[in-house]
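Engineer: structural data only, the sequence is not supplied:
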């Protein structure tokens with residue numbers, strides 16, 4: 001009897017909130033709240049939609065998880081998914097139309113675009129428009145959206161990204177005859193093009209960083225309970241020698257790595273390179289050719305992992321013990337930031353992140369490579385030539401290539417012995433110059449990168465008297 005009374009009391013008073021626990025969700029309508037009740041350890045959520053309240057237990061006592069569950073509950077209510085409600089939702093609500101649009105691009109071939117658009121839709125557009133009829137999204141309402149996003153501290157360039165998704169949804173509505181036309185969009189004030197500075201590590205900083213990681217690994221330093229090991233050092237070196245993005249670390253498996261030998265390599269330490277054929281994480285899935293030094297980093301990583309029972313074809317190359325790759329990236333980011341901090345690498349107005357390793361990889365090729373083709377480099381780095389010129393080549397200062405600026409074209413000499421590239425340039429083997437480059441012939445009209453060719457002194461020549469005065473060159477002083 002007592003048990004039945006308990007259940008009845010729970011059912012009758014389960015959704016009555018404790019007033020002090022009621023709170024709204026940041027950036028979402030005030031009609032969406034979470035709260036606690038006397039009869040349950042879990043958070044509950046309540047939302048007012050279509051003239052009635054909907055209430056649900058969120059099945060968690062964690063506040064952050066409760067907020068996430070409440071947002072999902074709110075979205076489900078708006079699109080009428082898995083929630084039994086007496087009053088049907090309008091098919092023309094902004095949220096409904098927006099979800100219909102997202103489904104049209106969720107075809108498996110546009111994963112990145114779908115994820116980006118859905119994230120901006122849920123975080124910026126749904127909280128603002130919610131149940132608004134798609135036909136009521138006017139120029140004035142879009143202006144209000146811009147103001148709302150700006151008040152949240154969102155940069156003009158990012159606001160522009162939200163408007164791009166909104167424009168796509170309105171165009172979809174127009175194509176499906178839900179609205180007569182797409183309204184004019186107001187201009188976003190401020191800098192709407194995010195020209196992000198690509199901070200990179202120079203060679204001295206790279207050496208300092210890897211030595212710091214070695215020391216931290218030896219001392220058993222932990223960051224939030226996770227120990228820093230030599231795997232972090234190998235990861236840093238691998239990224240600098242392979243041009244990959246941090247997001248590629250999520251998906252790269254041993255099955256995506258192919259070892260290729262370098263024919264006639266003169267330096268055994270750099271006699272192999274890697275081809276990476278991992279899935280696209282941002283742009284294309286074109287194969288990536290690494291620097292020869294990446295092979296040694298990869299072997300070291302694999303040996304380290306095999307001692308821990310990993311290293312199989314199906315295992316991830318980096319931190320395979322984390323099946324949740326989002327968690328892996330968060331942990332890696334914390335370890336890397338601590339290593340940079342301990343190394344004392346900090347310059348004014350510079351921020352070094354994992355992405356700085358990719359920037360360093362590209363910058364080293366531009367600074368240390370001989371006759372680098374920026375188009376080839378861009379394709380290999382899965383980016384565009386315009387991005388290389390805009391963000392990387394622009395960082396090259398005139399003082400970085402003084403020798404090249406001071407050099408002159410050398411005259412071609414016949415039957416000249418082939419020069420060795422390393423001898424001609426004085427390039428030291430620092431992990432970016434492999435043995436095969438020393439076997440490449442230097443073209444006669446290509447001056448050495450670090451040995452400026454002396455300007456040839458013009459020799460005076462005696463004027464030759466023409467055999468036939470009538471055939472003297474025009475403009476000559478012959479009479």
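Structural biologist: Received, thanks. Note that the structure is predicted; figures quoted are calculated from it, not measured.
Engineer: shaky segments in the stretch 301-450 of the chain?
Structural biologist: In the predicted model of the stretch 301-450 of the chain, residues 348-349, 392-450 satisfy pLDDT under 70.
Engineer: same question for the stretch 101-250 of the chain.
Structural biologist: 107-111, 191-198.
Engineer: please, where are all the helices along it?
Structural biologist: Assigned by DSSP state H, counting those that start in this stretch, the stretch 101-250 of the chain shows helices spanning 111-120, 126-129, 139-151, 156-175, 203-219, 230-240, 248-251.
Engineer: ok, which of those helices comes nearest residue 350?
Structural biologist: helix 203-219 (10.1 Å; C-beta to C-beta). For the C-beta atoms, the positions are set from N, CA and C on the backbone; glycine is no exception.
Engineer: count of residues packed around the nearest residue to residue 201 once chain neighbours are set aside?
Structural biologist: Excluding the flanking residues, the one nearest residue 201 by C-beta to C-beta, 6 or more residues apart in numbering is residue 360, at 4.7 Å. Residue 360: 24 surrounding residues under other C-beta atoms under 10 Å.
Engineer: same deal with residue 377?
Structural biologist: So residue 377, with other C-beta under 10 Å, has 20 neighbours.
Engineer: residue 207 is in contact with residue 233, correct?
Structural biologist: No - in this structure, residue 233 is not within contact of residue 207 by C-beta atoms under 8 Å, at 11.5 Å.
Engineer: of these two, who's got more company?
Structural biologist: Neighbour count, other C-beta under 10 Å: between residue 233 and residue 207, residue 233 has more, with 22 against 13.
Engineer: how near is the more buried one to residue 205?
Structural biologist: 14 Å (C-beta to C-beta, to the nearest Å).
Engineer: that older thread, which one of the helices of the stretch 101-250 of the chain lies closest to residue 329?
Structural biologist: Of all these, helix 248-251 comes closest under C-beta to C-beta, at 6.2 Å.
Engineer: quick one: name whatever helix or strand follows that closest one.
Structural biologist: Next in sequence after helix 248-251, counting helices and strands by DSSP states H and E, comes strand 257-261.
Engineer: on the three-state scheme, residue 274 is what?
Structural biologist: Put simply, residue 274 is strand when judged by DSSP: H, G, I helix; E, B strand; the rest coil.
Engineer: enumerate the beta-bridge partners assigned to it.
Structural biologist: Counting by DSSP bridges, residue 274 forms beta bridges with residue 259.
Engineer: number of nearby residues for it?
Structural biologist: 22.
Engineer: just residue 269 next, same as before
Structural biologist: Under the neighbour criterion other C-beta under 10 Å, residue 269 is assigned a count of 14.
Engineer: which of the helices or strands spans residue 33?
Structural biologist: Here residue 33 is assigned to strand 32-36, by DSSP H and E.
Engineer: can you list the strands that the helix or strand following that strand pairs with?
Structural biologist: Using DSSP H and E, the helix or strand that follows strand 32-36 in sequence is strand 43-49. According to DSSP bridges, strand 43-49 forms sheet pairs with strand 32-36 (antiparallel), strand 52-57 (antiparallel).
Engineer: any idea which of the ones you listed has the lowest pLDDT on average?
Structural biologist: Ranked by mean pLDDT, these bottom out at strand 52-57, which scores a mean of 79.
Engineer: buried ones in that strand?
Structural biologist: Residues of strand 52-57 classed as buried: 54, 56-57 (neighbour count, 16 or more other C-beta atoms under 10 Å).
Engineer: return the closest of the residues you listed with respect to residue 382.
Structural biologist: Of the buried residues of strand 52-57, the one sitting nearest to residue 382 (C-beta to C-beta) turns out to be residue 56, at 43.4 Å.
Engineer: residue 258 is in contact with residue 313, correct?
Structural biologist: No - counting by C-beta under 8 Å, residue 313 stays clear of residue 258, with 11.7 Å between them.
Engineer: A strand includes residue 323, no?
Structural biologist: No - applying three-state DSSP, one finds residue 323 to be coil, outside a strand.
Engineer: distance check, the nearest residue to residue 249 once chain neighbours are set aside against residue 223.
Structural biologist: Leaving out its chain neighbours, the residue that sits closest to residue 249 by C-beta to C-beta, 6+ apart is residue 318, at 5.0 Å. The spacing between residue 318 and residue 223, counted by C-beta to C-beta, is 16 Å.
Engineer: those two: which is more packed in?
Structural biologist: residue 318 (23 against 15).
Engineer: quick one, phi/psi of that one?
Structural biologist: phi -120, psi 130 (degrees, to the nearest 10).
Engineer: same thing with the one 4 residues further on?
Structural biologist: Dihedral angles phi and psi of residue 322 (degrees, to the nearest 10) take the values phi -110, psi 100.
Engineer: once you drop chain neighbours, what's closest to it?
Structural biologist: Nearest non-adjacent residue to residue 322, counting by C-beta to C-beta, 6+ apart: residue 328, 3.6 Å away.
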